[in-house]
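Engineer: next come a sequence and a model predicted from it.
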Amino acid sequence: MKWNKRKLTDRIMSGMSAACVIIAIIPLVSILYTVTINGISAINLDFLTQLPRPVGEPGGGLGNAIQGTFIVVGIACFIGLPIGILSGVYLSEYGNNRFGRFVSFVADILTGTPSIVAGMFAYTFVVLYFKSFSAFAGGVALSVLMIPIVTRTTEESLKLVPGSIKEASLALGIPKWKTTLYIVINTGKSGIITGALLAIARISGETAPLLFTSFGNMFWANGLDKPISTMPVQIYTYAITPFPDWHTKAWAGALVLIVLILVLNIGVRFVTRRKYAM
Amino acid sequence: MQNKITVNDLNAWFGAKQVLHDIDIGIEKNAITAIIGPSGCGKSTFIRCLNRMHEVVPGAKVSGKVLVDEMDIYDSDIDPVDIRRSIGMVFQKPNPFPTMSIRDNVVAGLRLNGVKDKNVLDKTAEESLRKAALWEEVKNDLHKSGMSLSGGQQQRLCIARALAVEPEVILFDEPCSALDPISTSKIEDLMLELKEKYTLIIVTHNMQQAARVSDRTAFFLYGKLIEFGETDQIFKKPEEKSTEDYIIGRFG
Ligand SMILES: Nc1ncnc2c1ncn2[C@@H]1O[C@H](COP(=O)(O)OP(=O)(O)O)[C@@H](O)[C@H]1O
Ligand SMILES: [Mg+2]
C-alpha cells in the first residue's frame, strides 16, 4: 500500500516535470520555427555577401552587417577577453581578500546590468569623446557586457583546479606565477574557453548598446573609427520599416544570427565534452 | 654517518595554532628515514618544512633552522623555489597534471624552468621513467594522458616527475596510502633502489612499511619528536612508552 503511494507520487512528479519542460521548450521551438519559415526564402549567396539595396530594388543582402558583426565582436573580444580572463585569474589565485571579494561582487552586478547601460557607457566615453559613432565604440560597449561574464567563468573554472595540482607544480620548483600561467590556466582552460564562447554568443545578438555606438552603415566597413553595420541593428532597421520585402530580410537576418549563435553553443558543448573525455 | 639535513629547534604554526614544537633531528644521507605517528601529529607539516612548502598555506609560519649541506634553507637571501628544486616531493594522492601527456608530465619541471631542447627533454623523460621503474610499462604510450594510468603507475609517474628536476632529497608523504599491495611493494622496491643516489624521507601510517624500507625511524606525537633512532631499535626496543604503545597499535 505504502509502496504504491510512493510510486504514484513519483509518477505524478515526473509527469509534472515533463510538462514543465514541454512548456519551457514551446517558445524556443516556435521562435525557431517562425524565424525559419519567414526567413529561409530570402537566404541565398547574395544575401550573405552583398550590400543592402534601397527599398523596392530586389536582391541585395546583409554582407556588410555580417562583416560588421564580426569586426565589432572581434574588437569586443580583443578588449574584453584579456581583461576578463586576467581578472578571473586574479580573483581565483590572488583574490582571497577584501578587494577580491569586492571585485567579484561588482562583476556579479555588472553581469545583471541592462545592456543599454553598456551602450550609454560607450556613448559617453567613446562616441562623445571622438564626436562620432564608430565600430570601436560598439566594440567597447560589447566588451563591457563581456568582461564580467568572462571574469566570473574564468574565476569559477580556475577555482575547480585542485589544490593538489598547484602544490605538485610548486613542489617541482616552478615559481608561483608560472604555476598559475602554465599549470593552473592550462588545467582550467576548457572552462575558460567555454566562458569566452558563451560571452561571445551573448554579445553577438545585442542590439540596444549598438544603436547609438556603432550605429549603422549601408556600405562595407571603412575604418574602425567610422559607423559600421551590424546584424542586430540591421535586423532592427529592417523590421521597423513598413516594407514586406524588408521584413523578410529581417527574418532572414535573424535566422543567420541564430544559426551563428547556435554554432557557438555547439562549440561550447564540444569543448566541455573534450574535458570529460580527457 | 653523514647527515644531509640537520634540523635545529624547528617550530611551525597554522595561524595561531602551533603544530610543531622544537624539533631537532638529523637526516642521514643516502638512507631512508621514516616518520611515523598518529594522524594530525604533524608529520606532513614537518616534511613540508623541509622544502619550504609549509609556507604556501596562507597564515602558515616557521621558525628555526633547517640546514641542508650546511646551508640554512630559511636564510633570508634564499629563494624557496631553488630549495624545492633540490628537495622534491611525492604526495599522498597521485597528482599528475591532468591536461598533460605522460612525457610532458615528467619533463614539466624542466620545461617550465626554461629547458626547450627536445632531445634533452626526451632523454630526461626516458631516464626519469626508467629510474621510477615505469619506462617498460609506458614507453609506447608516452603521448597518452597521465590520467590514463592506474593509481600505482600515476604515483610512479609523479616520482619520475620529481626525479626529472634532479633533486638531492625526495620527501614522500604517505605515497602508498591510496595504492594496492602490489603497487605498494613496487614503490618500496623503487625507494630502496633510489637511496643509492638520493636521501629519502617517507611519512607512513604503515608500520610494516616503515620496518621494511627505512634505516632510521622518527616517532612524532602531538607535534613533538618523541623518539628517533635506528629502525630496528625503534621497533624492537623503543625507549619511550608512547612509542611502544603506538607501534603495537594501542593508539593512533
Ligand atoms: N592547512 C591547514 N590549516 C590549518 N591547520 C592545519 C592545516 N593542515 C594541517 N593542519 C593541522 O596541523 C596539524 C598537523 O597536521 P599534519 O601535519 O597534516 O598531520 P599528519 O600529517 O601527521 O597527519 C593537525 O592538527 C592539523 O589539523
Ligand atoms: Mg599527513
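Structural biologist: Sure thing, it's come through. Ligands and ions are numbered 1, 2, ... in the order given.
Engineer: what about the helices in chain B?
Structural biologist: B:43-50, B:80-86, B:102-112, B:118-131, B:135-138, B:151-164, B:181-194, B:207-213, B:231-236, B:241-247 (DSSP state H).
Engineer: residues making contact with the last one?
Structural biologist: In this structure, residues lying in contact with helix B:241-247 by Cβ atoms under 8 Å, 6 or more residues apart in numbering or on different chains are B:36-38, B:207, B:219, B:221, B:226-227, B:234-235, B:238, B:251-252. The way it works is simple: take the backbone N, C-alpha and C, and place the C-beta from them, glycine included.
Engineer: so can I have a markdown table of these showing pLDDT and neighbour count?
Structural biologist: Below are those laid out as a markdown table (pLDDT from 0 to 100; neighbours: other Cβ atoms under 10 Å in any protein chain shown):
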| residue | pLDDT | neighbour count |
| --- | --- | --- |
| B:Ile36 | 94 | 29 |
| B:Gly37 | 93 | 25 |
| B:Pro38 | 92 | 15 |
| B:Met207 | 90 | 17 |
| B:Phe219 | 95 | 26 |
| B:Leu221 | 94 | 20 |
| B:Ile226 | 94 | 18 |
| B:Glu227 | 94 | 19 |
| B:Ile234 | 92 | 25 |
| B:Phe235 | 91 | 20 |
| B:Pro238 | 89 | 20 |
| B:Phe251 | 64 | 9 |
| B:Gly252 | 52 | 16 |
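Engineer: Throw those residues into JSON lines and include distance to A:Val126, thanks.
Structural biologist: Shown next, in JSON lines, are these (distance: Cβ to Cβ, whole Å):
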{"residue": "B:Ile36", "distance to A:Val126": "67"}
{"residue": "B:Gly37", "distance to A:Val126": "65"}
{"residue": "B:Pro38", "distance to A:Val126": "65"}
{"residue": "B:Met207", "distance to A:Val126": "71"}
{"residue": "B:Phe219", "distance to A:Val126": "69"}
{"residue": "B:Leu221", "distance to A:Val126": "67"}
{"residue": "B:Ile226", "distance to A:Val126": "70"}
{"residue": "B:Glu227", "distance to A:Val126": "73"}
{"residue": "B:Ile234", "distance to A:Val126": "74"}
{"residue": "B:Phe235", "distance to A:Val126": "76"}
{"residue": "B:Pro238", "distance to A:Val126": "77"}
{"residue": "B:Phe251", "distance to A:Val126": "71"}
{"residue": "B:Gly252", "distance to A:Val126": "67"}
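Engineer: keep only the residues you listed that also lie close to ligand 1.
Structural biologist: Applying Cβ under 6 Å from any ligand atom to the contacts of helix B:241-247, one finds that B:Gly37 fall near ligand 1.
Engineer: for A:Pro175, state which of the contacts of helix B:241-247 is nearest.
Structural biologist: Checking these against A:Pro175 by Cβ to Cβ gives B:Gly37 as the nearest, at 32.4 Å.
Engineer: find the nearest non-adjacent residue to the closest residue to chain B within the stretch 51-200 of chain A, please.
Structural biologist: Here the residue of the stretch 51-200 of chain A nearest chain B is A:Gly173; by Cβ to the nearest Cβ that distance is 3.1 Å. Nearest residue to A:Gly173, sequence neighbours excluded (Cβ to Cβ, 6 or more residues apart in numbering or on different chains): B:Arg85, at 3.1 Å.
Engineer: the one you found and A:Leu170 touch, don't they?
Structural biologist: No - contact criterion Cβ atoms under 8 Å: B:Arg85 and A:Leu170 do not qualify, at 10.8 Å.
Engineer: quick revisit: check what pLDDT the residue of the stretch 51-200 of chain A closest to chain B gets.
Structural biologist: At A:Gly173, the model reports a pLDDT of 93.
Engineer: again, but for B:Lys186
Structural biologist: 88.
Engineer: for it, grab the count of nearby residues.
Structural biologist: For B:Lys186, the tally of surrounding residues (other Cβ atoms under 10 Å in any protein chain shown) stands at 20.
Engineer: circling back to that earlier point, the residue of the stretch 51-200 of chain A closest to chain B belongs to a helix, doesn't it?
Structural biologist: No - counting by DSSP: H, G, I helix; E, B strand; the rest coil, A:Gly173 is not part of a helix but coil.
Engineer: spatially central residue in chain A, please.
Structural biologist: By Cα atoms, centre = their mean, chain A has its centre lying nearest to A:Arg202, at 2.3 Å.
Engineer: what's the helix or strand for that one?
Structural biologist: Using DSSP states H and E, A:Arg202 sits within helix A:189-204.
Engineer: now check that helix, is it near chain B?
Structural biologist: Yes - contact between helix A:189-204 and chain B, assessed by Cβ under 8 Å from any Cβ of the partner chain, occurs at A:Lys189.
Engineer: list the contacts of that helix.
Structural biologist: Residues from elsewhere that reach helix A:189-204 (Cβ under 8 Å, 6+ apart): A:69, A:73, A:76-77, A:80-81, A:84-85, A:88, A:142, A:145-146, A:149-150, A:152-154, A:156-158, A:160, A:185, A:231-232, A:257, A:260-261, A:264-265, A:267-268, A:271-272, A:274-275, B:99.
Engineer: from these, list just the buried residues.
Structural biologist: Among the contacts of helix A:189-204, those classed as buried by 16 or more other Cβ atoms under 10 Å in any protein chain shown are A:69, A:73, A:76-77, A:80-81, A:84-85, A:88, A:142, A:145-146, A:149-150, A:152-154, A:156-158, A:185, A:231-232, A:257, A:260, A:264, A:267-268, A:271, A:275, B:99.
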